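[1] Could you work out the structure for the sequence below:
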Amino acid sequence: MGSVVIRNAIVVDGTGREPAAGLDVMVENGRISRIAPGGGPVTADQTVDAHGATLLPGLTDAHVHLGIVGRPPNLAGDQSLVEYVLDVRATITATLHDGFTTVRDAGGLDPVWARLVENGRIEGPRILPSGAMITQTGGHGDFRAAHEAAHRHASIPGITAGPEIADGADAVRRAAREQLRRGATQIKLFVSGGVVSPTDPLESIQFSIEEIAAAVDVARSWGTYVLVHAHTSAAMRNAVAAGARSIEHGSILDEETAAQVARAGVFIVPTLVVLGPPPQMRDRVPVLTPAEQRKFDLVSSASRRSVGLAREHGIQIGSGSDLIGPDQRGRAWEIVEKARALGAMAAIESATRVNAELFGLSDRIGTIEAGKDADLILVRGDVLTRIETLAEPDGVPFVMRRGEIVRDDDGRSRER
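    Presented below is the predicted three-dimensional model:
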């Protein structure tokens, strides 16, 4: 792998430091080797002119569903499996080209897809797959209607990872072990009700502390962790008591629970963009049933207040988009929405440094520092002044993943 120097960059490095202008960032063998004031002599195989753009660490997303290209419960929608495979592949590649160089799949994607990316068979971001989401009977991932008996949404190993139903600590333990066997890098549980499931109330508490702890024990034995879908404070408290590392959504957070989450060092990953999508994305939001709409309204009304409460208590706030369906472009709108509550710099940190710490990859990604992977993007103009640029189709014209340039719309790169 050759060397690249990105010249004349305004660098927002993901650490929270103020932007630094006129820097040269040297990349060698897929890693950042040096950051220095610009203007000096540099010898590299390629030179990238960053004039007029902001250099950021590659964006990350802690809550994607790359394998859910239909509407739950059917991962594939009405498509054949061949069409499903093509859609998943296109979604993975589009995610990288939008500037996301690492993502954590929160369920539905078979881990084989992550291996295909890692082996260079598919162009895409580093994927951290959770495999099949684990739910209880009648829980958020149990998509059977009340009159149905059989579970019809099982996984197709090597292609899809449909929700797995488990009841009791031993069954949860087995299900968690099965996901790790198939290649999951962390375990996903549903511990509260959800919006798009037919039989569970949103406020229902799903899985006991003992059941959640069984999954946590299995994950820790593999050197990894559990993330939980939890909308309500009661469900969040159970997850914290059981040792979960990451709370997804965290929509209805109260003071007592926020204090517990903060003391335990648990991360919260709000997913705001699906609650109030911008006009460009509204035609992609699934049509909800009346029951689903009532649950959606409850979550939506509380979520932004909960983000503010999490910030007040010093909780680490990650970034996740939670998009589903055949068109998942524009997931950076999540960062834009988060900026309304946290400010632009903190929103960018949530999608770079904070997520990297959540993933256990802070030694590799999340900031622009010597020794880190050269996962880098250029954003047109001053991203802190106009953060919406991140989500616009031409707002991120340059993407580098591990030192390889995968998008260069403006032809900024020149070979020596």
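
[2] residue ranges with poor pLDDT in the stretch 101-250 of the chain?
    Within the stretch 101-250 of the chain, the segments meeting pLDDT under 70 span 144, 149-154.

[3] and if we set it to 90?
    138-157, 195-202 (pLDDT under 90).

[4] which residues of it fall in helices?
    Under the criterion DSSP state H, counting those that start in this stretch, helices of the stretch 101-250 of the chain are mapped to 112-118, 169-182, 209-221, 233-242.

[5] roughly how far is the second one from the heart of the chain?
    So the one you mean is helix 169-182. How far helix 169-182 lies from its chain's middle: 23 Å, per C-alpha atoms, centre = their mean, to the nearest Å.

[6] give me the number of residues near the spatially closest residue to H229 that is not a sequence neighbour?
    What sits nearest to H229 in space, not counting adjacent residues and going by C-beta to C-beta, 6 or more residues apart in numbering, is F190, at 4.6 Å. The C-beta positions use only the backbone N, C-alpha and C, and glycine is treated the same way. When neighbours are counted by other C-beta atoms under 10 Å, F190 registers 25.

[7] residues in contact with F190?
    133-136, 139-141, 206-207, 228-229 (C-beta atoms under 8 Å, 6 or more residues apart in numbering).

[8] Can you tell me which of these is closest to R294?
    The closest of the contacts of F190 to R294 turns out to be H140 (C-beta to C-beta; 15.3 Å).

[9] The closest one and G193 touch, don't they?
    Yes - with contact defined as C-beta atoms under 8 Å, H140 and G193 form a contacting pair (5.8 Å).

[10] higher neighbour count, the two?
    Under the criterion of other C-beta under 10 Å, the comparison of H140 against G193 puts H140 first, with 27 against 24.

[11] Run a quick neighbour tally on the residue nearest to that one when sequence neighbours are not counted.
    Counting by C-beta to C-beta, 6+ apart, H140 lies nearest to G194, which is 3.5 Å off, once chain neighbours are set aside. Using other C-beta under 10 Å, G194 is surrounded by 22 other residues.

[12] measure G194 to G141 for me?
    G194 sits 8 Å away from G141, taking C-beta to C-beta, to the nearest Å as the criterion.

[13] Just give me the neighbour total for G223.
    Using other C-beta under 10 Å, G223 has 8 other residues around it.

[14] no no, V354
    Neighbours around V354, by other C-beta under 10 Å: 23.

[15] Spit out the residues that contact H140 and G193 alike.
    Common neighbours of H140 and G193 (C-beta under 8 Å, 6+ apart) are 200, 206.

[16] about what we covered before: now the residue nearest to H140: how far from I68?
    For G194 relative to I68 (C-beta to C-beta), the value is 13 Å.

[17] now do R263
    34 Å.

[18] Please apply the same query to Q328.
    Distance from Q328 to I68, by C-beta to C-beta: 9 Å.

[19] tell me which element T47 falls in.
    Assigned by DSSP states H and E, T47 belongs to strand 46-49.

[20] Tell me how far the helix or strand that contains A291 lies from the chain's centre.
    Element membership for A291, per DSSP H and E: helix 290-312. Computed by C-alpha atoms, centre = their mean, the chain-centroid distance of helix 290-312 equals 19 Å.

[21] Which elements pack onto that helix?
    Other helices and strands packing on helix 290-312, by 3 or more C-beta pairs under 8 Å, 6 or more residues apart in numbering; DSSP states H and E, are strand 246-252, helix 255-264, helix 333-342.

[22] any chance of these in CSV, with mean neighbour count and distance to R31 too?
    Output for the helices and strands packed on helix 290-312, formatted as CSV (neighbours: other C-beta atoms under 10 Å; distance: least, C-beta to C-beta, whole Å):
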stretch, mean neighbour count, distance to R31
strand 246-252, 28, 27
helix 255-264, 17, 34
helix 333-342, 23, 25
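
[23] who wins for proximity to V274 among those?
    Closest of the helices and strands packed on helix 290-312 to V274 is helix 333-342, at 8.5 Å (criterion: C-beta to C-beta).

[24] and the helix or strand just after that closest one, what does it pack onto?
    Counting by DSSP H and E, the next helix or strand C-terminal to helix 333-342 is helix 344-349. Packing partners of helix 344-349 (3+ C-beta pairs under 8 Å, 6+ apart): helix 333-342.

[25] Give me the angle between the helix it packs on and helix 290-312.
    50 degrees (axes from the mean of the first three to the mean of the last three C-alpha atoms, to 10 degrees).

[26] Figure out how far helix 333-342 is from the centre of its chain.
    14 Å.

[27] what about A114, distance to R121?
    Taking C-beta to C-beta, one finds A114 at 11 Å from R121.

[28] Since that was my last question, I'll sign off now.
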